[in-house]
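*Asks:* Next comes the sequence, and after it the predicted model I'd like to discuss.
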Amino acid sequence: MFISTAYAQDAAAGGTAGLVMQFAPLILIFVVFYFILIRPQQKKMKEHRAMLGELKRGDRVVTAGGMVATITKVKEGSDEIEAEIAPNVRVTVVRGTIASVIRPTPANDAAPAKV
């Protein structure tokens, strides 16, 4: 009464194969989401954790709030880092709030000119 004849015929004829074909698009969507969204995000988080572990005195960093600072003291075994945001102005920053490390870019003046 409530089941359409097409669904009843499909269920009776190829029960397991029909069920697999119904879940195939859902499985495909999950696989696509994994490779496009989840995996790159996990890789990025791993790189960020490694960057936070490699912080050392003298590094220039950008905090999540957008402040540029120079690290003056790294407290081992703690999540706190002392950073200088202006001359003689030092603040304590939590490691997790460091967004990136500013690496100096070398000038191209040192390369000899090709003739």
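*Replies:* Received the coordinates, thanks.
*Asks:* Show me how the record splits this structure into domains.
*Replies:* As given by automatic domain parsing, the domain ranges for the chain are 5-48, 56-104.
*Asks:* Show me the shaky parts of the chain.
*Replies:* 1-15, 107-115 (pLDDT under 70).
*Asks:* all helices for it, in order.
*Replies:* Counting by DSSP state H, the chain has helices at residues 5-13, 15-33, 39-53.
*Asks:* of these, which approaches V61 most closely?
*Replies:* helix 39-53 (9.5 Å; CB to CB). (C-beta placed from N, C-alpha, C; glycine too.)
*Asks:* now what about the closest one, what contacts it?
*Replies:* Helix 39-53 has contacts (CB atoms under 8 Å, 6 or more residues apart in numbering) with R95, G96, I98, S100, V101.
*Asks:* let's see it at 10 Å
*Replies:* For helix 39-53, the external contacting residues (CB atoms under 10 Å, 6 or more residues apart in numbering) are 33-34, 59, 61, 79, 81, 95-101.
*Asks:* Can you mark which positions in it are buried?
*Replies:* Neighbour-count burial for helix 39-53 flags L52 (criterion: 16 or more other CB atoms under 10 Å).
*Asks:* Could you list the alpha-carbon positions for that helix in PDB?
*Replies:* Extracted in PDB, the C-alpha atoms of helix 39-53 (Å, rounded to 0.1, in the frame of the first residue of the first chain):
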ATOM      1  CA  ARG A  39      43.300  15.900   4.700                       C
ATOM      2  CA  PRO A  40      44.800  19.300   3.800                       C
ATOM      3  CA  GLN A  41      43.500  20.800   7.000                       C
ATOM      4  CA  GLN A  42      45.200  18.100   9.100                       C
ATOM      5  CA  LYS A  43      48.400  18.700   7.100                       C
ATOM      6  CA  LYS A  44      48.200  22.400   7.800                       C
ATOM      7  CA  MET A  45      47.600  21.800  11.500                       C
ATOM      8  CA  LYS A  46      50.600  19.500  11.700                       C
ATOM      9  CA  GLU A  47      52.900  22.000  10.000                       C
ATOM     10  CA  HIS A  48      51.600  24.800  12.400                       C
ATOM     11  CA  ARG A  49      52.300  22.600  15.500                       C
ATOM     12  CA  ALA A  50      55.800  21.900  14.100                       C
ATOM     13  CA  MET A  51      56.400  25.600  13.600                       C
ATOM     14  CA  LEU A  52      55.300  26.400  17.200                       C
ATOM     15  CA  GLY A  53      57.700  23.800  18.500                       C
END
